[in-house]
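A.B. asks: one predicted model, sequence on top.
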Amino acid sequence: MGILLALIAVLLFPLTSPAEVNWDTVSAKKVPLFYPGMTSWEFLTGSEHASGANAVSGLEKSCQDCHVKGDRVDIFADDIMKGKLRRKSREIPFEPEPPQGITPFITLELQAAYDATDFYLRLKWPSPKGVSFKNPADVSRGFYDRVAVQLNGNLRSFSRAGCFMSCHDDVSYMPDAPSEEEVMANPFYAKQRRKDVRLYAYVTRNRGWSDLKSEKEMDKYLKAGAIIDLWIAGFRGPEVISSDESIFYDRIRDSTKDIKVEGTWQEGFYTVTIKRKLTTLDPMDIQMQEGKTFTAGIAVYDQKNGYRKHHVSFPLSIAIGGGKADLTALKIIEGKQQVK
Ligand code: HEC
C-alpha cells in the first residue's frame with residue numbers, strides 16, 4: 001500500500017519546482033549574445049544589409065551562417081553600442097543613445113531538460129552589478145534586469161532569423177515609430193485602446209505597422225502554429241517577476257500564465273529556471289513533445305534598461321530528446337540520479 005501511495009504521489013507530482021532538477025548533470029550550451037541597437041527586419045532585408053538582405057528575406061540562411069566565426073559573433077556590436085556605426089542609407093546610428101555600464105557581447109549558459117510532463121530551461125548570464133536585484137526601490141520606468149525567451153516550432157522565418165522577424169523600424173523606440181495619435185487612429189489599435197506599436201511578426205502585415213493582413217489570413221498562420229511564445233523572468237530585488245506572453249499580430253499577455261519561474265543573483269551572475277508543461281490548453285503557447293525540435297531566441301536586459309537596449313542571440317534550435325539541434329534537452333527519469 002505504501003508503495004502504491006508513493007507511486008501515485010510520483011505520478012501526480014512528478015517534479016514540483018525547477019530547482020529540483022539536478023542541473024549539474026545537464027550539459028550547458030554557451031550562447032553568444034550581442035548588442036543590436038536598431039537592427040530591424042527592415043534593415044536586415046533592405047539594401048543597407050548588402051549581401052545579407054536577400055539571404056534574410058528569402059529565408060535562405062540563418063544569421064549565424066554569415067555572422068559566427070567559431071564561437072565568436074562577427075558583428076560590429078562594439079561600434080553599434082558606442083553609437084559609432086551608422087545605418088548607411090538612413091544616416092542614423094544603429095544606437096543613438098549609447099547605454100552605459102554594459103559590454104557589447106555577453107555569453108549566456110543555457111541548459112534544458114524534460115520529463116514525462118514538463119519542460120525545464122535554465123539560463124545563467126553575467127551581470128557584474130545585479131542592479132535590480134540589489135536595488136529594487138529604483139526600478140526606473142518599471143524596467144528590471146531580466147531575460148526574455150521567444151520560442152516557436154513551426155515558422156521557417158523564426159528558425160532562420162529568430163527574434164529579428166518581429167523587430168521593426170516602426171515599433172516603439174525605433175526610428176519610424178508612429179505618434180500616439182496615429183496609433184490610436186488605427187482601427188486595430190483603437191479597438192484595444194492602445195497608443196504604442198509593439199513587436200509583431202512581419203508575416204502579419206502587408207506594409208508597415210498599420211496595414212494588417214485580414215483576420216482570415218492570420219488565422220491560417222495561427223492554425224499552422226505560427227504563434228511565437230514569449231517567456232520573461234526578471235528581478236525586483238530577490239523577488240522573481242515573470243510573465244507569459246506571445247507575439248504574432250501584436251505582443252500580448254497570455255490569458256493564462258503557464259510558466260513557473262525561480263531565480264537569483266550571485267557573484268556576478270543571474271540564474272533563472274523556467275518550468276512549463278510540455279503541452280498546455282492555451283492556443284497562444286508553443287506546444288512541445290518528445291522528439292520535436294523548436295527554435296529559441298534569447299534577450300537579456302541589464303542595468304534596468306528597456307525597449308531595444310538589450311543583448312540578443314541568434315536563433316538556436318532545441319531538441320526535446322533526440323534530433324539534431326544546437327542543444328538537446330536531457331530526459332529526466334524519476335528516481336534516477338538526474339533528479340536531486
Ligand atoms: C548571407 C550572409 C548574411 C546573412 C545570412 C546575414 N547577414 Fe548580417 N551582414 C552581412 C554582411 C555582408 C554585412 C555587412 C554589410 C555592409 O556594411 O556592407 C552584414 C551586416 C550586419 C549588421 C551590421 C553590423 C556589422 O557588423 O556590419 C548587423 C547588425 C547584421 N548584419 C545582423 C544580421 C542578423 C541579425 C542576421 C539574421 C537575421 C543577419 N545579419 C544575416 C551578411 C549577412
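C.D. replies: Cool, got the structure.
A.B. asks: tell me the contacts of the residue positioned nearest the centre of the chain?
C.D. replies: Central residue of the chain (CA atoms, centre = their mean): Val149, 2.5 Å from the mean position. Val149 makes contact with 121, 123, 230-232, 274, 296-299, according to CB atoms under 8 Å, 6 or more residues apart in numbering. Every residue, glycine included, has its C-beta placed from N, CA and C.
A.B. asks: which residues does the closest residue to it other than its chain neighbours bridge with?
C.D. replies: Spatially, and ignoring its direct neighbours in sequence, Val149 is nearest to Trp231 (4.7 Å; CB to CB, 6 or more residues apart in numbering). Beta-bridge pairing for Trp231 (DSSP bridges): Val149, Asp244.
A.B. asks: what's the local residue count around Trp231?
C.D. replies: 26 (other CB atoms under 10 Å).
A.B. asks: which residues are in contact with it?
C.D. replies: Trp231 neighbours (CB under 8 Å, 6+ apart): 121, 148-149, 151, 242-245, 259, 261, 274, 276.
A.B. asks: secondary structure class of Lys275, three-state.
C.D. replies: Taken by DSSP: H, G, I helix; E, B strand; the rest coil, the conformation at Lys275 corresponds to strand.
A.B. asks: quick one: the helices in this protein?
C.D. replies: Using DSSP state H, the helices of the chain run over residues 2-12, 41-45, 52-57, 63-67, 77-81, 131-134, 156-161, 180-184, 187-191, 215-223.
A.B. asks: just to revisit the earlier point, quick check on the contacts of Val149: which are buried?
C.D. replies: Applying 16 or more other CB atoms under 10 Å to the contacts of Val149, the neighbour count classes 121, 123, 230-232, 274, 296-299 as buried.
A.B. asks: circling back: pipe the helices of the chain into TSV and attach mean pLDDT, distance to Glu334 and mean neighbour count per row.
C.D. replies: Putting the helices of the chain into TSV (pLDDT from 0 to 100; distance: least, CB to CB, whole Å; neighbours: other CB atoms under 10 Å) gives the following:
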stretch	mean pLDDT	distance to Glu334	mean neighbour count
helix 2-12	48	6	9
helix 41-45	97	44	21
helix 52-57	98	44	17
helix 63-67	98	36	16
helix 77-81	98	43	20
helix 131-134	94	33	20
helix 156-161	97	32	21
helix 180-184	97	51	14
helix 187-191	96	47	13
helix 215-223	92	35	13
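A.B. asks: dump those to TSV, plus distance to Ala113.
C.D. replies: Putting the helices of the chain into TSV (distance: least, CB to CB, whole Å) gives the following:
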stretch	distance to Ala113
helix 2-12	17
helix 41-45	33
helix 52-57	32
helix 63-67	24
helix 77-81	31
helix 131-134	25
helix 156-161	22
helix 180-184	42
helix 187-191	40
helix 215-223	29
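A.B. asks: just to check, Ile274 is in contact with Tyr120?
C.D. replies: Yes - between Ile274 and Tyr120 there is a contact under CB atoms under 8 Å: 7.2 Å.
A.B. asks: so which of the contacts of Val149 are also by the ligand?
C.D. replies: Among the contacts of Val149, no residue lies close to the ligand (CB under 6 Å from any ligand atom).
A.B. asks: turn these into TSV, including distance to Asn22.
C.D. replies: TSV is the format used below for the contacts of Val149 (distance: CB to CB, whole Å):
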residue	distance to Asn22
Leu121	15
Leu123	17
Leu230	28
Trp231	22
Ile232	26
Ile274	17
Ala296	22
Gly297	27
Ile298	23
Ala299	28
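A.B. asks: ok, those residues vs the ligand, which is closest?
C.D. replies: Distance to the ligand, by CB to the nearest ligand atom, is smallest for Gly297 among the contacts of Val149, at 10.0 Å.
A.B. asks: pLDDT at the closest one, what is it?
C.D. replies: Listed pLDDT for Gly297 reads 98.
A.B. asks: spit out the contact partners of it.
C.D. replies: For Gly297, the contact set (CB under 8 Å, 6+ apart) comprises 149-150, 158, 162-164, 312-316.
A.B. asks: any idea how far it lies from Lys257?
C.D. replies: For Gly297, the distance to Lys257 equals 21 Å [CB to CB, to the nearest Å].
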